[in-house]
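Trainee: Let's see this in three dimensions:
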Amino acid sequence: MTLAGCGEEGFVQGQCTEAKFDCPTNLAMDPSGAILVVDFGNQCIRRIARGFFIVLNILFQLIRASFGLQGWPEPGGLAVTKDGTVFVGASATILELNPQGRPKTLYCNAAIVR
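Mentor: This is a model prediction of the structure:
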C-alpha cells in the first residue's frame, strides 16, 4: 500500500496521490497521527495529515529564513515527542521545532555546515 507519492521523483505537495518525493527516508508520527517524512533529496520534512491525505512541506522555508542556510544539507534523523516537538538531524546540525512552530538550533558545527 502506498501512503503518499505518485511513483515519480520530484517536489510536489498536495493530494497524496499527486505528491512527489525525492528519496524519502525516515518517518515519524506526531501526536495528531500525522506522518512526518524526511524527504532527503528535496532537503525538507514533509507532513502527511491524518485523514486528509494531503502532503505539506514543513521545516523548509522556515529553516532557510531562520538559520540563514542556503539549503538544508542531508536531512536524516527525525523524532517527535508526545507534545509534538520535532527534532531533526541534518549534517552537522540538530534542529528543534516546538509545537507552536518556533525553530531552535540545538547544535550546529558551523565549520561543517556551509
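
Trainee: Helix or strand next in line after the helix or strand of the chain with the lowest mean pLDDT, which one?
Mentor: The weakest-scoring helix or strand in the chain, judged by mean pLDDT, DSSP states H and E, is helix 61-67 (a mean of 54). As assigned by DSSP states H and E, the chain's next helix or strand after helix 61-67 is strand 75-80.

Trainee: buried stuff in that next one?
Mentor: By neighbour count on 16 or more other CB atoms under 10 Å, the buried set for strand 75-80 is P75, L78, V80. Bear in mind the C-beta positions are built from the backbone N, C-alpha and C, glycine included.

Trainee: Just the C-alpha atoms of whatever helix or strand comes next after it, please, in CSV.
Mentor: Note on strand 75-80: by DSSP H and E, the next helix or strand toward the C-terminus is strand 86-90. The C-alpha coordinates for strand 86-90 follow below in CSV (Å, rounded to 0.1, in the frame of the first residue of the first chain):
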residue,chain,number,x,y,z
VAL,A,86,10.0,17.7,16.3
PHE,A,87,13.8,17.1,16.3
VAL,A,88,15.7,16.8,13.0
GLY,A,89,19.4,16.0,12.4
ALA,A,90,20.9,17.4,9.2
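
Trainee: isn't Q43 right up against G76?
Mentor: No: the criterion here is CB atoms under 8 Å, and Q43 misses it with G76 at 11.0 Å.

Trainee: Which strand or helix spans the spatially most central residue of the chain?
Mentor: The centroid of the chain falls nearest to I45 when counting by CA atoms, centre = their mean (1.2 Å). I45 is part of strand 44-48, with elements assigned from DSSP H and E.

Trainee: Now do the SS call for the closest residue to G84 other than its chain neighbours.
Mentor: Among residues not flanking G84 along the chain, P99 sits closest, at 3.9 Å (CB to CB, 6 or more residues apart in numbering). Using DSSP: H, G, I helix; E, B strand; the rest coil, the structure places P99 in coil.

Trainee: For burial, what's the neighbour tally of P99?
Mentor: By other CB atoms under 10 Å, the residues close to P99 number 13.

Trainee: got a pLDDT number for it?
Mentor: P99 is assigned 84 on the pLDDT scale.

Trainee: No further queries at this time; thank you.
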